[in-house]
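Asker: Here is a sequence with its predicted model. Questions after.
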Amino acid sequence: MNLNDSRILVVGAGLMGAGIAQVAAQAGHDVALFDARAGAAEAAKAKLAQTLDGLVAKGRLDREAASAALARIRPVEALAPAGLVIEAIVENLEVKRALFAELEALLPDEAVIATNTSSISVTALARGMKKPGRLVGMHFFNPVPLMKLVEVVSGLGTAPEAAQAVFELAARWGKTPVHARSTPGFIVNRIARPYYAETLMLLQDRAATPEVIDACLRAAGFRMGPCELMDLIGHDTNFAVTNSVFAANFFDRRFTPSLVQQELVDAGFLGRKSGRGFYRYPEGAPALPAVQVQAPRAARLVVHGRGALAERFAGAVPEAARELDSDWTGLSADGRQLRLTDGRRAAEFAPGTAVFDLPLAPAGDIAYAGDAGPAAWLTRLGLTPRAMADLPGLVVARTIAMLVNEAADAVQQGVCDEAGADAAMKLGVNYPAGPFEWLTLWGAGAVAALLDRLDHHYRGERYRVSPYLLSRTT
């Protein structure tokens with residue numbers, strides 16, 4: 001099956017549908033654009049003309065190519081036959097099923113129907129179709145022309161050749177497609193849940209302020225902290241997705257919605273669109289206060305452990321001795337310890353101990369708990385120490401561990417493979433690395449140990465270690 005030369009019908013002329021039409025037309029396809037709202041397809045084409053003019057003005061597209069792409073898009077007043085139909089209408093199961101019934105009445109048997117759904121089961125959507133094998137999930141991300149990722153989602157009845165044809169077509173369009181099985185959240189919306197959930201748990205525990213959590217995760221390489229990101233998405237939307245994933249997974253405790261976020265929704269503090277969420281808008285997050293740290297001094301310094309972080313300490317504190325065979329990583333200063341978190345709290349060690357978060361970047365804010373004295377040595381690494389409550393895994397480490405764990409479960413359950421998970425998270429939500437890249441960097445044993453300690457602290461199913469992750473520890 002080959003869709004490379006197919007005529008395309010895009011159903012739905014909203015933001016996503018118009019973006020899909022643009023990408024298909026720029027790839028050389030003739031595109032029919034349909035919307036049930038009178039005049040919507042024509043309006044979408046007019047707006048696309050402005051978009052393409054803007055690309056020409058910026059030198060990103062030549063005038064001839066822009067004119068040719070626009071000419072290939074034809075607004076239509078009724079559904080029309082095509083080799084590939086891409087549906088981008090309202091996220092409603094019954095409305096989509098009704099559309100597919102209409103389409104099957106006019107499409108040839110070999111035509112493929114792709115749904116851009118972000119949350120509805122492809123298996124459920126195909127129920128009642130005459131040819132369920134032709135239905136494939138083709139989940140684009142917004143804005144469609146800029147975002148590289150396409151999740152190619154197979155339901156229980158999807159024909160492998162149809163999914164592969166959509167995969168190859170997406171690649172031809174300059175996208176990075178990844179195969180996914182139709183399970184709640186597909187790849188990105190499933191694996192990303194802990195990015196929000198761990199922050200909401202920290203806030204519920206009053207462990208740190210939203211601005212400290214955001215600053216620490218931005219310093220780890222994320223483009224936006226989770227609080228500012230939830231404010232941007234809208235707490236009503238984010239909370240609804242979390243509830244949907246929770247219910248679809250038969251109320252698995254890993255996906256439990258947050259009372260903190262429910263309270264924001266109940267108050268109408270929905271984020272940017274309402275003028276208030278975690279932060280007030282248009283001001284946004286307040287700047288963190290400067291940290292006043294006295295230059296640390298000690299008569300005896302020892303760098304403990306092996307690996308890249310130990311070498312970083314040794315380079316930053318050249319006067320320190322080395323203890324390569326220590327079972328922990330960090331620095332001791334006159335016997336007071338500064339330890340990389342392994343999931344244990346500072347209170348579990350000797351008095352005068354500080355534990356610090358996973359440092360994934362050469363500079364920026366980093367969380368610590370315990371004694372501020374040893375934590376001052378973090379400044380020698382170019383890091384700005386931010387105090388928080390003494391909880392397992394601090395901020396970055398527990399978040400990364402849970403992202404890795406969720407990705408491991410997704411692979412275990414056949415939702416995607418490791419490469420697909422990494423590509424999806426980097427391209428779909430702009431993560432600085434993929435979960436399995438973090439796993440390689442950190443080590444499966446260390447991730448599993450931290451999760452076990454979180455599980456011991458919270459006593460629930462939330463932090464159970466994925467069997468797939470456990471298999472990587474042996």
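Answerer: Okay, I see it.
Asker: For burial, what's the neighbour tally of residue 57?
Answerer: Look at residue 57: counted by other Cβ atoms under 10 Å, it has 10 neighbours. Quick note: C-beta positions are derived from backbone N, CA and C, even for glycine.
Asker: same question, residue 280
Answerer: Residues near residue 280, counting by other Cβ under 10 Å: 13.
Asker: Tell me the bridge partners for it.
Answerer: According to DSSP bridges, residue 276 are recorded as the beta-bridge partners of residue 280.
Asker: Check the gap between it and residue 231 for me.
Answerer: 10 Å (Cβ to Cβ, to the nearest Å).
Asker: which residues touch the helix or strand hosting residue 20?
Answerer: Using DSSP states H and E, residue 20 sits within helix 15-26. Contacts to helix 15-26, defined as Cβ atoms under 8 Å, 6 or more residues apart in numbering, come from residues 8, 10-11, 13, 31, 33, 35, 44-45, 47-48, 51-52, 65, 69-70, 72-73, 86, 88-89, 116, 140, 142-145, 173-175.
Asker: Likewise for stretch 195-209?
Answerer: Applying Cβ under 8 Å, 6+ apart, the set of residues contacting stretch 195-209 from outside is 210, 213, 217, 222, 225-227, 229-230, 238, 242, 254-256, 258-261, 367, 386, 388-389, 391, 395, 398-399, 402-403.
Asker: With stretch 423-439 instead?
Answerer: Taking Cβ under 8 Å, 6+ apart as the criterion, the residues outside stretch 423-439 that touch it are 141, 147-149, 151, 176, 178, 180, 187-188, 191-192, 220-223, 360, 400, 403-404, 406-408, 416, 418-419, 421-422, 441, 447, 469, 472.
Asker: three-state assignment of the closest residue to residue 179 other than its chain neighbours?
Answerer: With sequence-adjacent residues excluded and distances taken as Cβ to Cβ, 6 or more residues apart in numbering, residue 179 is closest to residue 152, at 5.4 Å. When classified by DSSP: H, G, I helix; E, B strand; the rest coil, residue 152 comes out as strand.
Asker: Distance-wise, check residue 152 relative to residue 182.
Answerer: Applying Cβ to Cβ, one obtains 11 Å for the distance of residue 152 from residue 182.
Asker: again with residue 305
Answerer: When distances are taken as Cβ to Cβ, residue 305 and residue 182 turn out to be 44 Å apart.
Asker: Look at residue 257 and say how many residues are nearby.
Answerer: What residue 257 shows, counting by other Cβ under 10 Å, is a neighbour count of 20.
Asker: for residue 297, same thing?
Answerer: When neighbours are counted by other Cβ under 10 Å, residue 297 comes out with 10.
Asker: Buried ones among the contacts of stretch 423-439?
Answerer: Buried members of the contacts of stretch 423-439, scored by 16 or more other Cβ atoms under 10 Å, are 141, 147, 149, 151, 176, 178, 180, 187-188, 191-192, 220, 222, 360, 400, 403-404, 406-408, 416, 418, 421-422, 447, 469, 472.
Asker: Residue 105 looks like it's in a helix, true?
Answerer: Yes: assessed by three-state DSSP, residue 105 belongs to a helix.
Asker: contacting residues around it?
Answerer: Taking Cβ under 8 Å, 6+ apart as the criterion, residue 105 is in contact with no other residue.
Asker: Same question for residue 109.
Answerer: residue 131.
Asker: For the lowest-mean-pLDDT helix or strand in the chain, name the packing helices and strands.
Answerer: Using mean pLDDT, DSSP states H and E, the weakest-scoring helix or strand in the chain turns out to be helix 235-248, at a mean of 91. Packed against helix 235-248, as judged by 3 or more Cβ pairs under 8 Å, 6 or more residues apart in numbering; DSSP states H and E, are the following elements: helix 188-191, helix 193-204, helix 259-267.
Asker: Highest mean neighbour count out of these?
Answerer: Comparing these on average neighbours per residue, with mean count of other Cβ atoms under 10 Å, the densest one is helix 188-191 at a mean of 24.
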